[in-house]
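Student: heads up, no residue letters with this:
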């Protein structure tokens, strides 16, 4: 997903909108969108469940939620729809709750198109989010920036008590700070080829 490219952003965020709902409403059943690749003409998904081998899918970005659920249930994976009349207002998940549910909440916040287009406008950096990866401690964004030889991993903790709301905007701010005023530690990481930014929602 190229940040600032309105068409690409809407394309990727449209997919994330479908994925986040399936993730949140099937987290307790152990369903996990473990990796979401956003660079190809089609998106790549790796879906995991403790009772099944990893499922590798390539899907169109405009796939409907119903069609995506059908792909999963055809392989025996849980993919129930959200309850009728569900209140979709953003919530701050309990940090003691299931990590997979918090992963879904992170995905919900990441599909905010205005952050990646309007809010990013005028920033000094250009680049793309290549992958979104679930880790036990949180959700990682793998970012490739134009014009630099090193990569960025933004680690969004799902085990902290801070708010996840608005994290897309915070990611943009932190990448801007990285390029404009990197810390000594980050300069050393640049020389090693990968910089890590950790966000807990408390800052």
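Tutor: Perfect, I can see it now. Just so it is clear, the model here is predicted, and its values are computed rather than measured.
Student: got the phi/psi numbers for residue 12?
Tutor: With angles defined as degrees, to the nearest 10, residue 12 sits at phi -70, psi -40.
Student: I'd like to know how many residues surround it.
Tutor: Residues lying near residue 12 (other Cβ atoms under 10 Å) number 26. All C-beta spots, glycine's among them, are computed from the backbone N, C-alpha and C.
Student: right, and the helix or strand after the helix or strand bottoming out on mean pLDDT in the chain?
Tutor: The weakest-scoring helix or strand in the chain, judged by mean pLDDT, DSSP states H and E, is helix 99-110 (a mean of 91). Once helix 99-110 ends, the next helix or strand along the chain (criterion: DSSP states H and E) is helix 113-114.
Student: related to what we said a few turns ago, show me how far the least confident helix or strand of the chain is from its chain's centre.
Tutor: In terms of Cα atoms, centre = their mean, to the nearest Å, the centre of helix 99-110 is found 8 Å from the chain centre.
Student: can you check stretch 172-192 too?
Tutor: For stretch 172-192, the distance to the chain centre is 21 Å (Cα atoms, centre = their mean).
Student: Then stretch 126-139?
Tutor: 5 Å.
Student: low-confidence ranges in this protein?
Tutor: Applying pLDDT under 70 to the chain picks out residues 85-97, 159-162, 202-203.
Student: how about the strands of it, start to end?
Tutor: With DSSP state E as the criterion, the chain has strands at 32-37, 43-49, 52-59, 127-135, 138-145, 151-157, 194-199.
Student: quick revisit: please name every helix or strand in contact with the least confident helix or strand of the chain.
Tutor: Contacts defined by 3 or more Cβ pairs under 8 Å, 6 or more residues apart in numbering; DSSP states H and E place helix 99-110 against helix 6-25, strand 32-37, strand 127-135, strand 138-145, helix 167-180.
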